[in-house]
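J.: Sequence and predicted structure are below.
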Amino acid sequence: MTTDKILLDHGGGGKMSHRLISEMVAPLFKTPHLEGMNDGAVFDAGGRRIAFSTDSYTVDPIRFPGGDIGELAVNGTVNDIAMCGGEPAFLSLGLIIEEGFPLSDLEDILKSIARSAERAGVSIVTGDTKVVPNGAADKIYINTSGVGWVPDHVFLDARNARAGDLIILSGSIADHGMTVLTLREGLTFSSSLKSDTAPLNHMVKRLLSSVGGVHVLRDPTRGGLGTALNEIALQSKVGVEINEADIPVRPEAAGACELLGFDPLYVANEGKLIAFVSPDDADKALQAVRNDEFGKSAAVIGRVVSERPGKVYMKTTIGGTRIVDMLAGEQLPRIC
Amino acid sequence: MKYREEYRNPEITKGLIRKINEMGRPEIRLMEVCGTHTMAIFRSGVRSVLPETVSLLSGPGCPVCVTSQKEIDSIIELSGMGVILTTFGDLIRVPGTETSLQRERAGGCDVRIVYSAFDAVEIAKKNPDRDVVFAGVGFETTAPTIAASILTAAQQNVSNFSVFSAHKLVPPALFTLMASEHINIDGFLLPGHVSVIIGEDAYRPFFDAHPIPCVIAGFEPGDLAHSIYMLIVQIANGAPDLENAYPRAVTKTGNTKAQTVMDRIFIPRDSEWRGLGEIPGSGLKIRNSFESFDAEVRFNIPQTESREPKGCACGKILTGVLTPPQCPLYKKSCSPENPVGPCMVSSEGTCAAYFKYYDE
């Protein structure tokens, strides 16, 4: 059953989003930058390379343990630029606010944006504010766009993974998605669950300046780790093998996933990255990630192989093997 | 939770798998009746470490999947009657004869996903001028909480709340499975969660009528390996038995409190299952004393002509007659993005499990 309307699944970050973009959006604009399906675009501007990215934030609820929509809006775009190898410098801020939204809540969000920008080391340099009638939007939506310089020696692309690369994950998965979901559903069983929203640009800068063999960076947001690995396997035409036992999942997040029937591999993260690194550089790269405050529990979770291009396999804890597919539908709407 | 990690201990599980592999049996076909088992088996990779001679077939254990097309159509019709239709997430993408709840929601119908029927009661309290209907789909696992939500609504005079009951009972379906001429099964992995409610004894009449190896199983890799091992031992010894390999959660008599609540609200009735047809006493109807909470009584739901999707093999897949890759639509016109049948939609559906985890 195909559809003639936009469904929530189209925004889920999985297969449906992927198809919407590759079949309807990208063909109309015919720019090579869109074909790479990267987190942002990198292009030349007067002899320097610039990374440029944009993202909109609609998370419900707007405040959650570990952060709020403002912090998410800064970190999300900062991270997208960082994943292209850029050092984020300037951000724009677009606000769409529902009539009746408390001014004090707006001020809180703006303060949070200011704090987050300072922490990431970026400046908010332009913006726009729109107010829509009550009911035409839900509280507040935020768009941020950002630019950053890409150092001369850095060439990251989702198409660059090659056989032999080791895959580093910067920490535990599924924290953000499960935090928002359990809060939204009023499930208070896991009070220690906390969003992992964090700026990763300092970590990336440290990583890229310490080793040369980083081929791909990606932050596994919507669609989770499983979808991000699949995208890279497809784009780079390589196979990916990961070990279940090596993937960190905090017990609170694992418990929430289990109770609600979610697979942590497909739950969103907002402060994690995966790095595809040549094997000779992997030790140093892992150390560089671990030296960052947001990468302390980083681990090597798998490797790239030439067999079975486009597919991701996982060795399970009991020694079995299973395929890890891309997320098909929407596990959960409006988490970021 | 205590006693859970032990069942995840890879070494214990690997030991059991080794034992199974050492037994070197001829072809054995086991059916896991529960959709959560199907997913757990795939996710843990148990299938990939079993001997090739042991096949695991999925049974009619995914509630959304066995819900008849007529019931799906009725729920979709209800969503168009100006009500707030509340449902568990799985149901919303299931294609009815003409449309799905997801499409109706995109078209403006008020369809909301809830995690408990109690959430629906709360929505009803907050919207006293609207009718709030909960689409009750599920086995003995979900029926008690839905019964409790009706009791709560009754006690609190929430008169704008009602339930469309498409609940199904597992033991009657086992009888029907065994009566099928196509059936070719050497043993059953019986559902863990359902058994927590109904208890081991609830399968006794079935086992007495059809003495076939039966083991109630949990969901951790260790549970699965242990239960499969027990079934293979029963088969090897030619000594069919009804055993409980999940005693940390399942008792002989089950959760009697839940059974009492269920019994107070519901009464068994004949019910149509996708793939199995009409099964006597396998559904649950809301008792007349609570009929004001029965959406079938409250609303005059238009009866449209229901048709199952052309070419869809969900019915045969639910009974283990076919596996998903044998369906002509599988991975062609039917995928999780564009599901033709319910088995491709639900997180417990066999086709969705194969699509996600099976590597041909």
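T.: In hand now; what should we look at?

J.: All the helices of the stretch 51-200 of chain B, residue numbers only.
T.: B:63-66, B:69-79, B:101-106, B:117-126, B:143-155, B:170-179, B:192-198 (DSSP state H, counting those that start in this stretch).

J.: Compare the ones you listed and give me the one nearest residue A:180.
T.: helix B:117-126 (16.7 Å; Cβ to Cβ). Bear in mind the C-beta positions are built from the backbone N, C-alpha and C, glycine included.

J.: Could I get the full set of strands for chain B?
T.: B:28-32, B:54-58, B:84-87, B:111-113, B:132-136, B:161-165, B:187-190, B:214-216, B:242-244, B:266-273, B:277-286 (DSSP state E).

J.: how about those strands in JSON lines, adding distance to chain A and mean pLDDT?
T.: Shown next, in JSON lines, are those (distance: least, Cβ to the nearest Cβ, whole Å; pLDDT from 0 to 100):
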{"stretch": "strand B:28-32", "distance to chain A": "16", "mean pLDDT": "95"}
{"stretch": "strand B:54-58", "distance to chain A": "13", "mean pLDDT": "92"}
{"stretch": "strand B:84-87", "distance to chain A": "13", "mean pLDDT": "96"}
{"stretch": "strand B:111-113", "distance to chain A": "9", "mean pLDDT": "93"}
{"stretch": "strand B:132-136", "distance to chain A": "16", "mean pLDDT": "97"}
{"stretch": "strand B:161-165", "distance to chain A": "18", "mean pLDDT": "98"}
{"stretch": "strand B:187-190", "distance to chain A": "17", "mean pLDDT": "97"}
{"stretch": "strand B:214-216", "distance to chain A": "19", "mean pLDDT": "98"}
{"stretch": "strand B:242-244", "distance to chain A": "22", "mean pLDDT": "97"}
{"stretch": "strand B:266-273", "distance to chain A": "22", "mean pLDDT": "97"}
{"stretch": "strand B:277-286", "distance to chain A": "23", "mean pLDDT": "96"}
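
J.: Any figure for the gap between the residue nearest to residue B:8 when sequence neighbours are not counted and residue B:40?
T.: Using Cβ to Cβ, 6 or more residues apart in numbering or on different chains and skipping the chain neighbours, the partner closest in space to residue B:8 is residue B:220 (5.2 Å). As for residue B:220, its distance to residue B:40 is 8 Å (criterion: Cβ to Cβ, to the nearest Å).

J.: Okay, buried residues for the longest helix along chain A please.
T.: The longest helix of chain A (DSSP state H) is helix A:103-120. Buried residues in helix A:103-120, counting neighbours by 16 or more other Cβ atoms under 10 Å in any protein chain shown, are found at A:106, A:109, A:112, A:113, A:116, A:117, A:119, A:120.

J.: hmm, back to that, and the strands of chain B as a markdown table, adding mean neighbour count?
T.: A markdown table is the format used below for these (neighbours: other Cβ atoms under 10 Å in any protein chain shown):
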| stretch | mean neighbour count |
| --- | --- |
| strand B:28-32 | 22 |
| strand B:54-58 | 22 |
| strand B:84-87 | 24 |
| strand B:111-113 | 19 |
| strand B:132-136 | 28 |
| strand B:161-165 | 27 |
| strand B:187-190 | 27 |
| strand B:214-216 | 25 |
| strand B:242-244 | 21 |
| strand B:266-273 | 18 |
| strand B:277-286 | 19 |
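
J.: can you tell which of these is closest to residue B:356?
T.: strand B:54-58 (13.2 Å).

J.: Where do the domain boundaries of chain A fall?
T.: A:31-150, A:166-324 (automatic domain parsing).

J.: Let me know the angle separating the longest helix anywhere in chain B from strand B:54-58.
T.: In chain B, taking DSSP H as the definition, the longest helix is helix B:221-237. Put simply, helix B:221-237 runs at 120 degrees to strand B:54-58, going by axes from the mean of the first three to the mean of the last three Cα atoms, to 10 degrees.

J.: What residues sit buried inside helix B:221-237?
T.: Buried, per 16+ other Cβ under 10 Å, within helix B:221-237: B:221-235.

J.: ok, now stretch A:228-239?
T.: A:228, A:229, A:230, A:231, A:232, A:233, A:234, A:235, A:236, A:238, A:239.

J.: CA-only coordinates of it in CSV, if you can.
T.: In CSV, the C-alpha atoms belonging to stretch A:228-239 read as follows (Å, rounded to 0.1, in the frame of the first residue of the first chain):
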residue,chain,number,x,y,z
ALA,A,228,23.8,4.9,10.6
LEU,A,229,26.0,1.8,10.0
ASN,A,230,23.7,0.7,7.2
GLU,A,231,23.9,4.1,5.5
ILE,A,232,27.7,4.0,5.5
ALA,A,233,27.9,0.4,4.4
LEU,A,234,25.6,1.3,1.4
GLN,A,235,27.4,4.6,0.6
SER,A,236,30.9,3.0,0.8
LYS,A,237,29.9,-0.3,-0.8
VAL,A,238,31.5,-2.3,2.0
GLY,A,239,30.3,-4.8,4.6
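
J.: what comes into contact with that stretch?
T.: Outside stretch A:228-239, the residues that touch it by Cβ atoms under 8 Å, 6 or more residues apart in numbering or on different chains are A:18, A:36-37, A:157-163, A:167, A:216, A:218-220, A:240, A:242, A:274, A:276, A:304-313, A:324-326.

J.: filter the residues you listed by proximity to chain B?
T.: For chain B, the contacts drawn from the contacts of stretch A:228-239 by Cβ under 8 Å from any Cβ of the partner chain are A:311, A:313, A:325.

J.: Regarding the second one, which helix or strand does it belong to?
T.: Under the assignment given by DSSP states H and E, the secondary-structure element containing residue A:313 is strand A:312-315.

J.: So which other helices or strands are in contact with the longest helix of chain B?
T.: Contact here means 3 or more Cβ pairs under 8 Å, 6 or more residues apart in numbering or on different chains; DSSP states H and E; on that basis helix B:221-237 packs against helix B:5-8, helix B:10-23, strand B:28-32, helix B:35-44, helix B:46-49, strand B:54-58, strand B:187-190, strand B:214-216.
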